[in-house]
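> For reference, the sequence and a predicted model appear below.
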Amino acid sequence: MKIKLLLSLLLLFTTALANAQDSLAIRKIYDEALVNGKCYENLHYLCKNIGPRLSGSANAQKAVEWGKKLMESYGFDHVFLQEVMVPHWVRGEKEQAKIIDGTKEIAVPICALGMSVATPKEGITANVIEVHSLQELKTLGKDVIKGKIVFFNRPFDPRFIETGMAYGTAGDQRFLGPGEAAKYGAVGVIVRSLTEIIDDYPHTGATVYGDIKIPAAAISTKGANLLSSMLKMRKMPLIKFYFKQSCKQLPDALSYNVIAELKGSENPNKFITVGGHLDSWDLAEGANDDGTGVMQSLEVLRILKTLNYHPKNSIRAVFFMNEENGEKGGIKYAELAAKNKEEHIAAIETDEGGFTPRGFGFTGLSASALKKINKEWKPLLEPYEADRLIAGGGGSDIEPLVSAAPSVVIIGYLPDSQRYFDLHHTAKDVFENVNKRELELGSAAMASLVYLIDQHGF
């Protein structure tokens with residue numbers, strides 16, 4: 001009995017000591033991020049000195065070169081590039097659109113969807129048919145749709161607390177809608193912008209086609225509401241829509257993932273990856289999508305190196321290329337991980353904006369493992385309000401790793417989501433809409449999670 005009691009006391013003492021050490025380490029991480037943080041000034045440079053970074057563009061290449069030099073300036077153990085071929089789509093001249101009601105014409109804001117084709121030089125003018133789902137296309141059929149512009153007008157569902165869920169349930173009309181409408185003979189597609197806010201800023205984003213390609217554009221939510229109300233007030237043949245865009249697809253271009261690494265002292269071929277995507281849409285500076293993510297990821301490594309932390313496992317910060325319109329960077333990273341026989345323990349993606357941290361979502365953890373980290377790690381993260389550790393999470397750049405490393409745990413960084421889709425894929429996604437302290441708190445939360453995974457695993 002005495003031996004059992006002594007062992008129990010020893011275990012309690014050891015656990016308390018480990019918790020105290022972890023608590024102190026996390027406090028140091030937050031102090032470094034909040035007092036000496038570099039991610040905000042780095043983001044300023046990326047946004048203001050480089051700007052929009054659509055894959056294949058000159059600015060995307062500038063961002064690669066600058067990112068590599070920035071990583072090298074911090075003295076990490078290894079900085080390197082991974083070659084990847086990416087799509088090269090260009091928007092061309094500013095789009096034009098108007099609602100035509102007899103002799104009355106009302107201009108409305110639109111922007112071409114990424115990977116869309118151009119209209120004829122004179123534009124397209126046609127009757128409009130409003131639908132709210134892909135299923136509705138099938139119900140209406142070719143006889144009704146042929147020769148018309150299909151107007152997808154399904155709004156965000158405001159009942160979701162996490163706005164990403166609303167984006168997910170509304171997103172099929174943008175991503176798949178133009179290709180589906182083309183099958184039924186539509187001459188063009190207009191999609192309600194994927195946001196709950198009502199304003200005059202259209203939201204771009206990628207679309208995919210089958211064999212038939214027709215011009216497709218997003219319309220601002222104010223424009224969508226106006227068009228919908230006019231269609232309801234007047235008979236359809238009286239309302240026409242005109243739009244003109246000159247986008248085009250160029251040959252694929254050579255680009256790069258940009259990677260920095262701290263070598264593991266015990267397990268150099270086991271990796272914890274944290275990353276975001278370096279590319280952005282061309283309407284603005286790509287500040288929250290995803291300049292904040294790449295700068296936070298780099299800041300994780302900078303903080304750990306500054307604190308003279310020597311990781312057990314190798315830790316990487318990855319600037320993925322081409323998340324927005326192809327996801328080629330994430331696919332290439334996973335392909336090379338498999339080829340090089342790298343063992344990935346965990347991969348964290350930050351691609352939901354630089355807002356106040358709430359926690360992390362985990363995919364690949366058993367229920368018992370998730371319960372265990374909540375018991376052990378939640379109290380450590382709770383003082384910093386980043387302690388929401390839930391099932392389900394990831395990101396499009398890290399999800400290909402699942403096939404390359406089946407045991408990997410993929411993790412999505414979860415900031416407060418309420419403002420993200422006000423800015424997402426619009427001309428409003430600029431540096432001025434990023435809060436310095438929120439950004440720094442996020443980098444500290446991720447650095448803390450990386451530290452805990454490196455120290456304790458799952």
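Received it, and whenever you're ready, just let me know what you need.
> Identify all contacting residues around the one helix or strand Glu72 maps to.
Applying DSSP states H and E as the criterion places Glu72 in helix 58-73. Contact with helix 58-73 is made by 42, 45-46, 49-54, 79, 81, 255-256, 258, 260, 278-279, 294, 298, 317, 319, 321, as judged by Cβ atoms under 8 Å, 6 or more residues apart in numbering. (Glycine included, C-beta is placed from N, CA and C.)
> What subset of those residues is buried?
Buried members of the contacts of helix 58-73, scored by 16 or more other Cβ atoms under 10 Å, are 42, 46, 50-54, 79, 81, 255-256, 258, 260, 278-279, 294, 298, 317, 319, 321.
> Next step: the contacts of helix 58-73 restricted to strands.
79, 81, 255-256, 258, 260, 317, 319 (DSSP state E).
> Mind putting the residues you listed into JSON lines with distance to Val187?
Formatted as JSON lines, the ones in strands among the contacts of helix 58-73 follow (distance: Cβ to Cβ, whole Å):
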{"residue": "Val79", "distance to Val187": "49"}
{"residue": "Leu81", "distance to Val187": "43"}
{"residue": "Ser255", "distance to Val187": "34"}
{"residue": "Tyr256", "distance to Val187": "39"}
{"residue": "Val258", "distance to Val187": "41"}
{"residue": "Ala260", "distance to Val187": "48"}
{"residue": "Ala317", "distance to Val187": "46"}
{"residue": "Phe319", "distance to Val187": "40"}
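> ok, so of the residues you listed, who is nearest Ala126?
Of all the ones in strands among the contacts of helix 58-73, Ser255 has the smallest distance to Ala126: 37.2 Å, by Cβ to Cβ.
> Surely that closest one touches Met321?
Yes. Taking contacts as Cβ atoms under 8 Å, Ser255 lies within contact range of Met321: 4.8 Å.
> Report the separation between Lys436 and Leu414.
Distance, Lys436 to Leu414, using Cβ to Cβ, to the nearest Å: 20 Å.
> ditto for Glu162
Glu162 is 8 Å from Leu414, by Cβ to Cβ.
> In this model Thr273 seems to touch Glu343, though I could be wrong.
No. Glu343 is beyond contact range of Thr273, at 11.5 Å (criterion: Cβ under 8 Å).
> Look at the two and report which has more neighbours.
Per other Cβ atoms under 10 Å, whichever of Glu343 and Thr273 has more neighbours is Thr273, with 29 against 14.
> Could you check which helix or strand contains the more buried one?
Taking DSSP H and E as the criterion, Thr273 maps to strand 267-277.
> just to revisit the earlier point, include pLDDT when you put the ones in strands among the contacts of helix 58-73 into a markdown table, please.
Shown next, in a markdown table, are these (pLDDT from 0 to 100):
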| residue | pLDDT |
| --- | --- |
| Val79 | 98 |
| Leu81 | 98 |
| Ser255 | 98 |
| Tyr256 | 98 |
| Val258 | 98 |
| Ala260 | 98 |
| Ala317 | 98 |
| Phe319 | 98 |
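> if we take those, which one ends up nearest to Ala112?
Nearest to Ala112 among those, with distances taken as Cβ to Cβ, is Ser255, at 21.5 Å.
> so what's that closest one up against?
55-56, 60-61, 64, 83-86, 321-322, 329.
> most neighbours, which of those residues?
That'd be Met321 among these, by other Cβ under 10 Å, with 33 neighbours.
> Relative to Asp290, how far out is it?
Distance from Met321 to Asp290, counting by Cβ to Cβ: 11 Å.
> what's the overlap in contacts for these two?
277-278.
> what's next to stretch 363-382, contact-wise?
19, 22-23, 26, 359, 362, 387, 389-394, 402, 407-412, 445, 448-449, 452, 456, 458.
> Report all helices and strands that the strand holding Thr273 contacts.
When contacts are defined as 3 or more Cβ pairs under 8 Å, 6 or more residues apart in numbering; DSSP states H and E, strand 267-277 packs onto helix 292-306, strand 313-320, strand 343-349, helix 436-456.
> for the record, mean pLDDT for the longest one?
Confidence over helix 436-456 (mean pLDDT, whole number) is 98.
> What of the third one?
Along strand 343-349, the predicted local confidence has a mean pLDDT of 97.
> Buried residues, that strand. List them.
344-349.
> Now the two most distant members of these.
For the buried residues of strand 343-349, the farthest-apart pair by Cβ to Cβ is Ile345 and Glu349; their separation is 14.8 Å.
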